[in-house]
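K.L.:
Sequence and predicted structure are below.
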Amino acid sequence: MKSSITQGVKLLATGSAVPDLCISNELISNIVDTSDEWIFNRTGIKERRVLSGSTSLIDIAALASTNALNKAGISALDIDLIILATSTPNDLFGSASQLQAKIGASKALAFDITAACSGFVIAMVTAAQFIQNASYSNVLVVGADVLSNWTNWSDRRTCILFGDGAGAAILQSCSISNNNLLGFHLNTNGRKFDQLNIQYEYSNTDGNFFSPGLKGNFNYITMNGKEVYKFAVSKVPQSIQYCLDSLNLSVEHIDWLLLHQANERILNAVSSRLMIPSEKVISNLAKYGNTSAASIPLALNEAIEDSRIQSGDLLVMSGFGAGLTWGTLVFRWNP
């Protein structure tokens, strides 16, 4: 079968943004029965950022996007497509159009992807397909979530984990010989959706004309931590190995492993199963907690800004979470 790929994909630049309000473990210990030591030993998290006042998801997504655009040296008017990976939109119908307007990218098509903690990886793969078949040349991919809006701050099992943030990446078409995005693997197990979700619950209130008394609301985040851990440490290494095998690469070729920043125990278990040394694992979990779709681009941007990631480095990114979904993307950083 003839390949439909006519263009390569280059990761041009990244950007990120987090709220100003910092919530420490000590502060959370004043709300629920916990402590800084208990939280850090079990999660690796010391603090997280939370939106406050009138600041919105779109505000931090726009800051991350502008940061990436400035680094890339291109205008918002050069963007052909915006993909916003979020599970906490401003509008249930989608928020990408608001982001398009906020940054002035009036020529871009914009739409949302809802895949929680796997959202950024899935959005990057989606963007790459549009570029590789020559539909678009410049694509802005944003991962942003405001999980604080859906956190039960009296639930010790979940309130210690989550924070807010945004990260952005600009992908651009290039020659196939200069292609940076080398391979991917995506998967879903919908039978396990209830292990991590925000359920819509009906209640005996007003309802509507056709279903009186059946109106409801979305609840808070619920999670079966043990099941999510078992899922992540089983499926993520398999996904990474599948990608490497398909590219005739070995674990030794990996310069950096960038996993969704969910829990330090998961990061350690996945890297251990793959026999990847800890110094090759990128993590900013201690500062931000689990920021869902924002976690990978946020950590990626910081690692690039800190010059840890060098030109020519091979990166493996893996997201995993609600759905249950998981996915891996392999790319080479050649700015």
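P.N.:
Alright, I've got the coordinates.
K.L.:
C-alpha only now, for contacts and for neighbours.
P.N.:
Fine.
K.L.:
quick one: contacts of the lengthiest helix in the chain?
P.N.:
In the chain, assigned by DSSP state H, the helix with the most residues is helix 225-246. Taking contacts as Cα atoms under 8 Å, 6 or more residues apart in numbering, the residues outside helix 225-246 that touch it are 183-186, 195-196, 250-251, 266, 269-271, 273-274, 316, 318, 320-321, 326-330.
K.L.:
taking these one by one, which sit in helices?
P.N.:
Checking those against DSSP H, those in helices are 266, 269, 270, 271, 273, 274.
K.L.:
Filter those residues down to the buried ones.
P.N.:
Buried subset of the ones in helices among the contacts of helix 225-246 (neighbour count, 16 or more other Cα atoms under 10 Å): 266, 269, 270, 271.
K.L.:
Out of those residues, flag the one nearest to residue 256.
P.N.:
residue 271 (10.7 Å; Cα to Cα).
K.L.:
Next up, the contacts around that closest one.
P.N.:
237, 257, 277, 278, 281.
K.L.:
again, but for residue 39
P.N.:
Counted by Cα under 8 Å, 6+ apart, residue 39 has contacts 25, 45, 46, 160.
K.L.:
Next, give me the two most distant ones among the residues you listed.
P.N.:
46 and 160 (9.3 Å).
K.L.:
out of those two, which sits in the busier spot?
P.N.:
Each of residue 46 and residue 160 has its neighbours counted (other Cα atoms under 10 Å); residue 160 has more, 30 against 21.
K.L.:
and residue 289, backbone torsions?
P.N.:
Main-chain dihedrals, residue 289, degrees, to the nearest 10: phi 70, psi -160.
K.L.:
hang on, the earlier thing: could you dump the contacts of residue 39 to JSON lines with secondary structure and distance to residue 79?
P.N.:
JSON lines is the format used below for these (DSSP: H, G, I helix; E, B strand; the rest coil; distance: Cα to Cα, whole Å):
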{"residue": "25", "secondary structure": "helix", "distance to residue 79": "40"}
{"residue": "45", "secondary structure": "coil", "distance to residue 79": "36"}
{"residue": "46", "secondary structure": "coil", "distance to residue 79": "37"}
{"residue": "160", "secondary structure": "coil", "distance to residue 79": "37"}
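K.L.:
Please, a PyMOL command that selects the buried ones among the contacts of residue 271?
P.N.:
Per 16+ other Cα under 10 Å, the buried members of those correspond to this PyMOL selection:
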select buried, resi 237+257+281
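K.L.:
rewinding a little: identify the contacts common to residue 46 and residue 160.
P.N.:
25, 39.
K.L.:
which one of the contacts of residue 271 is nearest residue 177?
P.N.:
Distances from residue 177 to the contacts of residue 271, taken by Cα to Cα, are shortest for residue 257, at 24.1 Å.
K.L.:
mind checking the SS state of the closest one?
P.N.:
strand (DSSP: H, G, I helix; E, B strand; the rest coil).
K.L.:
what's the distance between it and residue 79?
P.N.:
29 Å (Cα to Cα, to the nearest Å).
K.L.:
cool, and residue 23?
P.N.:
35 Å.
K.L.:
can I see the domain layout of this protein?
P.N.:
8-178, 181-192+221-332 (automatic domain parsing).
K.L.:
how about the nearest residue to residue 297, chain neighbours excluded?
P.N.:
residue 167 (4.6 Å; Cα to Cα, 6 or more residues apart in numbering).
K.L.:
how about the residue most central in space within the chain, what does it touch?
P.N.:
Centroid-nearest residue in the chain, with Cα atoms, centre = their mean: residue 293, separated by 2.3 Å. Listed by Cα under 8 Å, 6+ apart, the contact set of residue 293 reads 85-87, 115-120, 143-145, 166.
K.L.:
same thing but at 6 Å, please
P.N.:
116, 117, 119, 120, 143, 144 (Cα atoms under 6 Å, 6 or more residues apart in numbering).
K.L.:
so of the residues you listed, which ones are in strands?
P.N.:
143, 144 (DSSP state E).
K.L.:
Residue 178: which of the contacts of residue 293 is nearest?
P.N.:
So of these, ranked by how close each gets to residue 178 (Cα to Cα), first place is residue 120, at 22.6 Å.
K.L.:
From residue 195, how far out is the closest one?
P.N.:
In terms of Cα to Cα, residue 120 sits 20 Å off from residue 195.
K.L.:
More neighbours: these two, which one.
P.N.:
residue 120 (35 against 18).
K.L.:
how close does that one sit to residue 175?
P.N.:
Residue 120 is 24 Å from residue 175, by Cα to Cα.
K.L.:
buried sites along stretch 33-43?
P.N.:
34, 36, 39, 40, 43.
K.L.:
JSON lines for the ones in helices among the contacts of helix 225-246, including distance to residue 306?
P.N.:
As requested, these are arranged in JSON lines below (distance: Cα to Cα, whole Å):
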{"residue": "266", "distance to residue 306": "24"}
{"residue": "269", "distance to residue 306": "25"}
{"residue": "270", "distance to residue 306": "24"}
{"residue": "271", "distance to residue 306": "22"}
{"residue": "273", "distance to residue 306": "27"}
{"residue": "274", "distance to residue 306": "25"}
